[in-house]
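Peer 1: structure here, sequence nowhere to be found:
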């Protein structure tokens, strides 16, 4: 994310937007305007906004992957209590990321 910010400042903007447009309270850039395919295209052209978006995706995915690995570990150990707790935490995280945004709109 720091590299993406540095690229934004060095280029004076990114993805066709100026720094003042990106910094405004009514910025046209958010997670609804940049999808995964747009991010990949931006990464190919070394766009700062795409690098920042990739960093945010990695930060969101890190705890999900960790809890998923815990579920697998507890299944392997046959630890039913911690498996159930980890599965509940994983379901809560996935619901919060995948379901709640469509309800809140």
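Peer 2: Yep, it's here. For clarity, every value in this text was computed on a predicted model and none was experimentally measured.

Peer 1: which residues of the protein score low on pLDDT?
Peer 2: 31 (pLDDT under 70).

Peer 1: now name the helix or strand holding the most centrally placed residue in it.
Peer 2: Centroid-nearest residue in the chain: residue 57, 2.2 Å away (criterion: Cα atoms, centre = their mean). Using DSSP states H and E, residue 57 falls within helix 48-77.

Peer 1: what is the distance between the next helix or strand after that helix and the centre of its chain?
Peer 2: The helix or strand immediately downstream of helix 48-77 is helix 80-94, counting by DSSP H and E. Its chain's C-alpha centre and that of helix 80-94 lie 21 Å apart, by Cα atoms, centre = their mean, to the nearest Å.

Peer 1: now helix 80-94: buried residues?
Peer 2: By neighbour count on 16 or more other Cβ atoms under 10 Å, the buried set for helix 80-94 is 83, 86-87, 90. C-beta coordinates here come from the backbone N, C-alpha and C atoms, glycine included.

Peer 1: need the residues you listed in CSV (columns: distance to residue 76).
Peer 2: Output for the buried residues of helix 80-94, formatted as CSV (distance: Cβ to Cβ, whole Å):
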residue, distance to residue 76
83, 10
86, 12
87, 14
90, 16
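
Peer 1: nearest to residue 21, of the residues you listed?
Peer 2: residue 90 (38.0 Å; Cβ to Cβ).

Peer 1: residue contacts, the closest one?
Peer 2: When contacts are counted by Cβ atoms under 8 Å, 6 or more residues apart in numbering, residue 90 touches 64, 67-68, 71.
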